[in-house]
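Peer 1: quick one: sequence and predicted model below, then my questions.
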Amino acid sequence: MKRSCPCCAHSVEGALESPAYTRCLSCGHRWRTPPAATDAGYYESLVARNDLQAPWFARKIAERSAALSDLLAPGLRVLEVGCAEGALGQALKARLPVVYDGIELSRDRDLASQHLDRVFSTSAAGVSTLPYDLIASFHVLEHIAEPEAELLAWARLLGPAGRLLIEVPNQAGHPSLADDRNPEHLHQFTPASLGMLLARCGFACRSLTTGHYESPVYPDSIRVIAERQAQPAIQRELLLQRFRQRLGGPFIAYAIGGDFHNYLEPLAEGLELHALVDSSPAKWGQQRAGFVVEGYDPARHGDLPILICSIRFGADIRRQLLAMGIAPERLVGLEAVYEGT
Ligand SMILES: [Zn+2]
């Protein structure tokens, strides 16, 4: 029997690894085949999914609300997919004035609606509202039969600069458990499989960490913060803006070596290059980016900013240029452009 991994799309052949799960040899993902136990309507009848008095419940809510508040500012809009009784949103709204909506299929949504701005009882595919700045989801994606379709539905609800925070059990969720027999858990993610799934859905991971605490039996969770993969044209324009902000207009590129090749030459058409200058006579006369490399000439280069195009030798080159009597305010390091300092 041939199947495809739901995360990395690697083709999987042969028998199931266990009676319940298939394992992808490429990304390590395991999934229940066929999905069982959670037919449509399964969650609608459930209630009181969390024990609000348990010490681990308070522990995870405190940690999660701190993590979310680090990603937010007043007035931003949050959607929590699988908000349960709304305890996390309630805790977060006590810390920070944000708009906090939730999606909850179980009857716990009745309690959540007392604490949150809005609670939807449909899946994300059925939600139609303004874009969110952050979509958070803790221990939900492993319950969903088709995680790729679900992530695409979340993507549709996210603003252009919006972020995702997703947490799922790390494989079985406990380092000493080889298998997760929880029948609601259709997927056992690995850091690789969650990263691959996000990449296939157009997201770039900004951080991926493990060891996040859910409960005594799920103390090891993967947490990913992701955003939309930027389009190359947008990335290029953002980088050109950094050059313009730091250099303020036409400039001289100094030190025409590897860093110039890697970090300036691909952008040359969009840069306000005035001249390419190098201290080595061996490079004079070379054609690069539509210019001829030349030596420094105070008569022709005397007023323009000089971008020192070497991270490795930048400090040495700066000393040489200062020794030549060039004013320090004319010198800009490549690191100042890239780091925005
Ligand atoms: Zn895979």
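Peer 2: Now that the structure is in, tell me what you want to look at. As the structure is a prediction and not an experimental result, all values here were calculated from the model.
Peer 1: only C-alpha atoms from now on, for both contacts and neighbour counts.
Peer 2: Fine.
Peer 1: what residue of this structure is the furthest out?
Peer 2: residue 299 (48.5 Å; C-alpha atoms, centre = their mean).
Peer 1: list the buried residues in the host helix or strand of it.
Peer 2: Using DSSP states H and E, residue 299 falls within helix 298-301. Residues of helix 298-301 classed as buried under the neighbour-count rule (16 or more other C-alpha atoms under 10 Å) are residue 301.
Peer 1: which other helices and strands does that helix contact?
Peer 2: Helices and strands touching helix 298-301, by 3 or more C-alpha pairs under 8 Å, 6 or more residues apart in numbering; DSSP states H and E: there are none.
Peer 1: mind saving the C-alpha coords of it as CSV?
Peer 2: Taking Å, rounded to 0.1, in the frame of the first residue of the first chain, the C-alpha atoms of helix 298-301 are listed here in CSV:
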residue,chain,number,x,y,z
PRO,A,298,40.1,62.2,-3.2
ALA,A,299,39.4,64.6,-6.0
ARG,A,300,36.6,62.4,-7.4
HIS,A,301,35.5,60.5,-4.3
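Peer 1: residues touching that helix, excluding its own?
Peer 2: By C-alpha atoms under 8 Å, 6 or more residues apart in numbering, the residues outside helix 298-301 that reach it are residue 252.
Peer 1: start the count at 51 instead of 1 going forward.
Peer 2: Sure thing, new numbering starts at 51, so read that last one as helix 348-351.
Peer 1: paired strands for the helix or strand that comes right after that helix, with orientation please.
Peer 2: Under the assignment DSSP H and E, the closest C-terminal helix or strand after helix 348-351 is strand 356-358. Using DSSP bridges, strand 356-358 pairs in its sheet with strand 301-304 (parallel), strand 381-383 (parallel).
Peer 1: quick one: pLDDT of residue 101?
Peer 2: As predicted, residue 101 sits at a pLDDT of 72.
Peer 1: now do the biggest strand by length in the chain: which elements does it pack against?
Peer 2: Ranked by number of residues, the top strand in the chain under DSSP state E is strand 208-219. If contacts are counted by 3+ C-alpha pairs under 8 Å, 6+ apart, strand 208-219 sits against strand 182-188, strand 271-278.
Peer 1: and the ones you listed as JSON lines, adding mean neighbour count, distance to residue 357 and mean pLDDT?
Peer 2: Below are the helices and strands packed on strand 208-219 laid out as JSON lines (neighbours: other C-alpha atoms under 10 Å; distance: least, C-alpha to C-alpha, whole Å; pLDDT from 0 to 100):
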{"stretch": "strand 182-188", "mean neighbour count": "23", "distance to residue 357": "37", "mean pLDDT": "97"}
{"stretch": "strand 271-278", "mean neighbour count": "23", "distance to residue 357": "32", "mean pLDDT": "97"}
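Peer 1: tilt between the longest strand of the chain and strand 182-188?
Peer 2: 10 degrees (axes from the mean of the first three to the mean of the last three C-alpha atoms, to 10 degrees).
Peer 1: I'd like the next helix or strand past strand 208-219.
Peer 2: strand 237-238.
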